[in-house]
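[1] task: produce atomic coordinates for the following.
(3 chains)
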Amino acid sequence: MGIITLTTDLGYKDFYQAALKGSIISLYPNAQLIDISHNIAPFNIQQAAFVLKNAYRFFPDETVHLIGIESVFSENVRYVAIRHENHYFVGADSGIFSLIFECKPDEIVELNIVQDLKFLHFPLTDIFAKAASHLAQGGKLGEIGDPIDDIVLKNVLQPTITDNTIRGSVIYIDSFENIITNISKELFNKVQKGRNFELAFRRNETIKNLSWHYNEVENGEKLCLFGISNHLEIALNRGKAAGLLGMGLNDTILVTFFNKRD
Amino acid sequence: MGIITLTTDLGYKDFYQAALKGSIISLYPNAQLIDISHNIAPFNIQQAAFVLKNAYRFFPDETVHLIGIESVFSENVRYVAIRHENHYFVGADSGIFSLIFECKPDEIVELNIVQDLKFLHFPLTDIFAKAASHLAQGGKLGEIGDPIDDIVLKNVLQPTITDNTIRGSVIYIDSFENIITNISKELFNKVQKGRNFELAFRRNETIKNLSWHYNEVENGEKLCLFGISNHLEIALNRGKAAGLLGMGLNDTILVTFFNKRD
Amino acid sequence: MGIITLTTDLGYKDFYQAALKGSIISLYPNAQLIDISHNIAPFNIQQAAFVLKNAYRFFPDETVHLIGIESVFSENVRYVAIRHENHYFVGADSGIFSLIFECKPDEIVELNIVQDLKFLHFPLTDIFAKAASHLAQGGKLGEIGDPIDDIVLKNVLQPTITDNTIRGSVIYIDSFENIITNISKELFNKVQKGRNFELAFRRNETIKNLSWHYNEVENGEKLCLFGISNHLEIALNRGKAAGLLGMGLNDTILVTFFNKRD
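    This next block holds a predicted model:
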């Protein structure tokens, strides 16, 4: 049974995600469908990318990840299928793929299975379902599209770095209201070089220790850690950090590292 | 694997939809369960009908669609199973089926698999799960019910038509806040006869062009189109139309068609 | 296909529940995953226990129920797998199991499949997924853990009883806003002994009849019944009882029974 995961902004109230599932099941009755999320905020490709980037590695090789966001036809849109790290991805080339992958993906095709795209009302059922079903059954990329060289690149705010500081920003608030930043564990370690640090945010808030688990501080106390996303995260033990600390998307944080003599 | 879809107002928070799924799986371990939605507003059979009417055709023939809304026992309730256009439907005959089908369904039975309905606490697990499992495994309608002639009819507001106008109303607001009316593409085309038109709503809002895609106007601009439901829909490109245009369920809209000389 | 149900507070927005599903599917590709709910309120083990306690019996024997709440590592936490009434349960021994089972479960092991628990970031993917996959494929408890004698007990408010009264409290509000109390049908019957009763709550609200179905009173009228959870429940026919009657979690209710001569 081939696995197809779904990441969309279609919600759980309407018939849209069901139409997508019905289309896939009609083409490939044994597909194993897994919802990553249909609760992506409408049109928010950053959020969709963050969610899928962190989820896809948990699935087996050869899993097909269908992305249903920003897929309305326009003159410039390309619908693509991608193979990367032995996973497949299908979606509109809106720039989202450059947010999911750290580097250029292994193989990219522009889908050619529908002749006249501009009369498609709902690309998810009309073209993405076909491409995903094909790949989940072991079909090849070359059979559904023409090779292209690269994906659309989308710029996002990157942390700024000096010898002693990393200035980052908030990229995601999860449903526990943990505050997730764009500072990866790899980057943090590279700049830290074993030194002590102070994480500062808002006017006067500081954290000086890295926790491993949320419950290493008292209930309601703040902490920072590298969570399951491997990004630096500010949280309150059993508390809603974003609301209580007044932090939101794109807010900045500053990490300062101290030389031993400081 | 037989497919059983679920459309209910049970929500995702409680144990009710899980109890329904467990009941089906206990009877038919290989059932492939697909949630159409459990987020139908409580007791809202119009909403459930709209969602299922638009979703079911995307599924393969022989799919069983279980409807879990308005199913509490009363003296007058009938629990039915229906075959229509090679799909099966199971639910309470509350009038919902007359909202799903355009015409009298192909075959209807009143379920007779439970002797004393009035002690059923939860018809979904006690009778609907049994009927759906039976049908999904290839069982016949005649084995679980007695043939009846027709379903309960429920009246809903239909558009009113003159030679030059269609007066319709809002029947659904989706999670993007697109505004969906009761004017079907078929009806629109029949009255339009190729003429120009003006769609008017609220005090002064008008739209004079039919779009094919949401993004044919600027971001935030209003448009109308026939969406995936094939009903006339008012939307804002990437905007929340219902909230921003102040439109809600049952609000009226007027389409006026112009003769060439006008 | 082994069945694994999931009951967590991970929500449907983030990648966490998808990571859990991907981990299980990677270990056991044929697992049949059923969401009981991911909408448990964060850290609310009473709510999780109520939901799972009422759901699990609807599933077939040998089903594995994975509980993903309050599972962060701490010095005192034990991760356990339990066999009870031919169902399996996997989770953190936070006290939740004492709320799910009426008595000591049939068999309990402390999981020993991960050596150094304290570096686990996400026990759901790292240890619970492994244990659940093992059990769902027919593996034995003894192969993944060491037998232990008992589970952590968590006290919850029990009804107080006299010859003529039961004083109970609200333990759950469902998505229809039905008000569910901690008075079981068994307890009610034992104290009632066939007598008439009056259920009193808030200042002046009383109910004197037990209904079988929600619709035995007029729309909007209050009633009480033993719902599908077999607990005494206060509801409004087609109305939102909790909000309209002003009742919330932990509010008390009093049932008084009358001797024939009263």
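[2] so which residues on chain A come close to chain C?
    A:1, A:3, A:5, A:12, A:32, A:34-40, A:50-52, A:54-60, A:63, A:174-176, A:212-215, A:226-229, A:238 (Cβ under 8 Å from any Cβ of the partner chain). Bear in mind the C-beta positions are built from the backbone N, C-alpha and C, glycine included.
[3] tell me which entries of those residues lie within strands.
    Among the residues of chain A next to chain C, the residues falling in strands (DSSP state E) are A:3, A:5, A:32, A:34-37, A:226.
[4] any idea which element whichever residue of chain A sits closest to chain B lies in?
    Across chain A, the shortest distance to chain B (Cβ to the nearest Cβ) belongs to residue A:22, at 3.1 Å. Using DSSP states H and E, residue A:22 sits in helix A:16-27.
[5] same question for that helix, mean pLDDT?
    Average pLDDT, helix A:16-27: 96.
[6] who wins on neighbours among the ones in strands among the residues of chain A next to chain C?
    residue A:36 (29 neighbours; other Cβ atoms under 10 Å in any protein chain shown).
[7] on that earlier part again, can you turn the buried part of the residues of chain A next to chain C into a PyMOL selection?
    Entered in PyMOL, the line below selects the buried ones among these, by 16 or more other Cβ atoms under 10 Å in any protein chain shown:
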select buried, chain A and resi 3+5+12+32+34+35+36+37+38+39+40+50+51+52+54+55+56+58+59+63+174+175+176+213+214+215+226+227+228+229+238
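[8] just the residues of chain A next to chain C: which are in helices?
    The members of the residues of chain A next to chain C that map onto helices under DSSP state H are A:50-52, A:54-55.
[9] distance to residue C:132 and pLDDT added to those, as JSON lines?
    Shown next, in JSON lines, are those (distance: Cβ to Cβ, whole Å; pLDDT from 0 to 100):
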{"residue": "A:50", "distance to residue C:132": "27", "pLDDT": "96"}
{"residue": "A:51", "distance to residue C:132": "23", "pLDDT": "97"}
{"residue": "A:52", "distance to residue C:132": "24", "pLDDT": "98"}
{"residue": "A:54", "distance to residue C:132": "21", "pLDDT": "96"}
{"residue": "A:55", "distance to residue C:132": "18", "pLDDT": "97"}
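[10] and which of these is nearest residue B:151?
    Closest approach to residue B:151 among these (Cβ to Cβ): residue A:51, at 42.3 Å.
[11] which residue sits closest to residue A:17, ignoring its sequence neighbours?
    Excluding the flanking residues, the one nearest residue A:17 by Cβ to Cβ, 6 or more residues apart in numbering or on different chains is residue A:10, at 4.4 Å.
[12] same question but for residue A:251, I mixed them up
    In space, residue A:251 is closest to residue A:170, 4.8 Å off (Cβ to Cβ, 6+ apart).
[13] quick one, phi psi at that neighbour?
    phi -80, psi 130 (degrees, to the nearest 10).
[14] so it sits right up against residue A:245, yeah?
    No. Using Cβ atoms under 8 Å, residue A:170 is not in contact with residue A:245, being 10.6 Å away.
[15] joint contacts of those two?
    Common neighbours of residue A:170 and residue A:245, counting by Cβ atoms under 8 Å, 6 or more residues apart in numbering or on different chains, are residue A:179.
[16] can you tell me the SS state at the residue nearest to residue A:17?
    Under DSSP: H, G, I helix; E, B strand; the rest coil, residue A:10 falls in the coil class.
[17] how far away is it from residue A:171?
    Residue A:10 sits at a distance of 23 Å from residue A:171 (criterion: Cβ to Cβ, to the nearest Å).
[18] neighbour count for those two, which is higher?
    Applying other Cβ under 10 Å to residue A:10 and residue A:171 shows that residue A:10 carries more neighbours, namely 25 against 21.
[19] buried set for whichever strand or helix holds residue A:243?
    Take DSSP H and E as the rule and residue A:243 turns out to sit in helix A:241-245. Of all the residues in helix A:241-245, those buried under the rule 16+ other Cβ under 10 Å are A:241-242, A:245.
[20] could you report the neighbour count for the spatially closest residue to residue A:86 that is not a sequence neighbour?
    Leaving aside its chain neighbours, residue A:86 sits nearest to residue A:61 (4.1 Å; criterion: Cβ to Cβ, 6+ apart). Residues contacting residue A:61 under the criterion other Cβ under 10 Å number 9.
[21] just to check, residue A:61 is in contact with residue A:83?
    No. Contact status for residue A:61 versus residue A:83: not in contact, 10.7 Å apart, counting by Cβ under 8 Å.
[22] residue A:182 reaches residue A:233, doesn't it?
    No. At 11.1 Å, residue A:182 does not count as touching residue A:233 under the criterion of Cβ under 8 Å.
[23] show me which of those two is the more surrounded one.
    Each of residue A:182 and residue A:233 has its neighbours counted (other Cβ under 10 Å); residue A:233 has more, 23 against 20.
[24] just say helix, strand or coil for that one.
    Per three-state DSSP, residue A:233 ends up strand.
[25] any idea what residue A:199 is bridged to?
    Under DSSP bridges, the beta-bridge partners of residue A:199 are residue A:207, residue A:255.
[26] er, residue A:108 actually
    Here residue A:108, judged by DSSP bridges, has bridge partners residue A:82.
[27] again with residue A:7
    Beta-bridge partners, per DSSP bridges, of residue A:7: residue A:37, residue A:67.
[28] count the residues that sit near it.
    Neighbours of residue A:7 using other Cβ under 10 Å come to 29.
[29] run through chain A and note the low-pLDDT ranges.
    A:260-262 (pLDDT under 70).
[30] residues contacting the residue of the stretch 151-262 of chain A found nearest chain C?
    Here the stretch 151-262 of chain A gets closest to chain C at one residue, residue A:175, 3.7 Å apart by Cβ to the nearest Cβ. Residues near residue A:175 by Cβ under 8 Å, 6+ apart: C:10-11, C:13-14, C:42.
[31] now rank these by neighbours and give me the top one.
    residue C:14 (27 neighbours).
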